[in-house]
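> Everything below, folded, please.
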Amino acid sequence: MGIGRFWWGMTLGAMAVAVAILFAMDRPPICTCGSVKLWEATVNGPGNSQHLSDWYSFSHITHGFLFFAAGYWLLRTRPLGARLWIATIVEMLWEISENSPIIIERYRAATLAVGYAGDSILNSASDGAMMIAGFLFASRFGWKATLALGIVFELFTLVVIRDNLTINIVMLVSPVDAIRDWQAGFSQPL
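The predicted structure follows:
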C-alpha cells in the first residue's frame with residue numbers, strides 16, 4: 001500500500017500553495033538573522049520557529065501520527081495517498097493560521113512566547129515535512145510503535161523544555177496560570 005506519484009504531486013502541490021500564501025502574507029522566507037540552521041536549540045529566542053528544525057518539530061511529527069490515525073478512522077476506504085494529501089492540507093492550513101496576526105498575538109498573550117513573531121516560510125515548510133514524516137512512520141510501523149514514540153516525544157519535550165503538543169493546545173485554548181508559572185521556571189537546555 002504505497003503512495004503513487006499522483007498523490008505525491010497533490011501533497012507537494014498543497015505545500016506549494018501554502019508556501020505561496022505565506023509569501024503573500026509577507027512572512028520572511030528564512031530567519032531574519034540571515035542564516036539557515038539545521039537545528040535551533042533556543043526555545044524562547046529569536047531563532048525559534050525560524051530554521052529547519054527546533055524543539056517544536058517533535059510536535060509536528062506527532063501531528064502526522066494523529067492525522068494518520070484520524071484518516072485511518074474516518075477515511076479508511078480512501079487511498080493512503082489521499083489521506084496524506086488531506087493531512088497535508090490540514091497541517092498547512094494550521095501553518096497559515098499560526099502565522100496570522102490573531103494567532104501570533106494569542107501565543108504572546110497566552111504562553112511564555114512573549115516575543116514570538118511567527119514562523120519563517122522555511123520553518124513552516126519544514127513543519128509540513130515533519131508532519132509527513134510522522135504520517136509515513138505511522139503508516140509503516142503500526143499503532144503500538146507510533147503511540148509509544150508519540151508518548152516519548154511528549155515526555156521528552158515536557159522534561160527538556162517544559163512544553164509539548166498537549167500543553168501547547170491547552171495554553172492556546174484555555175490558558176492555565178499554574179502551567180505558565182511552571183514553564184517560567186524553565187532554563188535553556190544544553
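> does Arg106 really touch Val173, like I thought?
No. Arg106 lies out of contact with Val173 (Cβ atoms under 8 Å); the separation is 9.7 Å. Quick note: C-beta positions are derived from backbone N, CA and C, even for glycine.
> more neighbours, the two?
Arg106 (18 against 9; other Cβ atoms under 10 Å).
> Find the helix or strand that the more buried one is a member of.
Using DSSP states H and E, the element containing Arg106 is helix 101-110.
> Give me the distance between that helix and the centre of its chain.
16 Å (Cα atoms, centre = their mean, to the nearest Å).
> Export it to CSV, keeping only CA atoms.
Output of helix 101-110 as CSV, limited to C-alpha atoms (Å, rounded to 0.1, in the frame of the first residue of the first chain):
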residue,chain,number,x,y,z
PRO,A,101,-1.8,38.2,13.5
ILE,A,102,-4.6,36.8,15.7
ILE,A,103,-2.8,33.5,16.5
ILE,A,104,0.6,35.2,16.9
GLU,A,105,-1.0,37.6,19.4
ARG,A,106,-2.7,34.7,21.1
TYR,A,107,0.7,32.9,21.5
ARG,A,108,2.1,36.1,23.0
ALA,A,109,-0.8,36.6,25.4
ALA,A,110,-1.5,33.0,26.5
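> buried ones in that helix?
For helix 101-110, the buried set under the neighbour-count rule, 16 or more other Cβ atoms under 10 Å, comprises 103-104, 106-107, 110.
> and the residue positioned nearest the centre of the chain, how far is that from Thr88?
By Cα atoms, centre = their mean, the chain has its centre lying nearest to His60, at 3.2 Å. To Thr88, His60 is 12 Å away according to Cβ to Cβ, to the nearest Å.
> excluding its backbone neighbours, what's nearest Pro79?
Leaving aside its chain neighbours, Pro79 sits nearest to Trp7 (6.7 Å; criterion: Cβ to Cβ, 6 or more residues apart in numbering).
> Need the three-state assignment for that neighbour.
helix (DSSP: H, G, I helix; E, B strand; the rest coil).
> if I look at it, how far off is Leu80?
Counting by Cβ to Cβ, the gap from Trp7 to Leu80 is 8 Å.
> And Pro175, by the same measure?
Distance of Pro175 to Leu80, computed by Cβ to Cβ: 37 Å.
> Compare the two and say which one has the larger neighbour count.
With neighbours defined as other Cβ under 10 Å, Pro175 and Leu80 compare such that Leu80 has more, 19 against 13.
> Most distant residue from the centre of this structure?
Distance-from-mean max, the chain, by Cα atoms, centre = their mean: Thr77 at 26.6 Å.
> Which of the three states applies to that residue?
Put simply, Thr77 is coil when judged by three-state DSSP.
> before we move on, what about the one 4 residues further on?
Using three-state DSSP as the criterion, the local structure at Gly81 reads helix.
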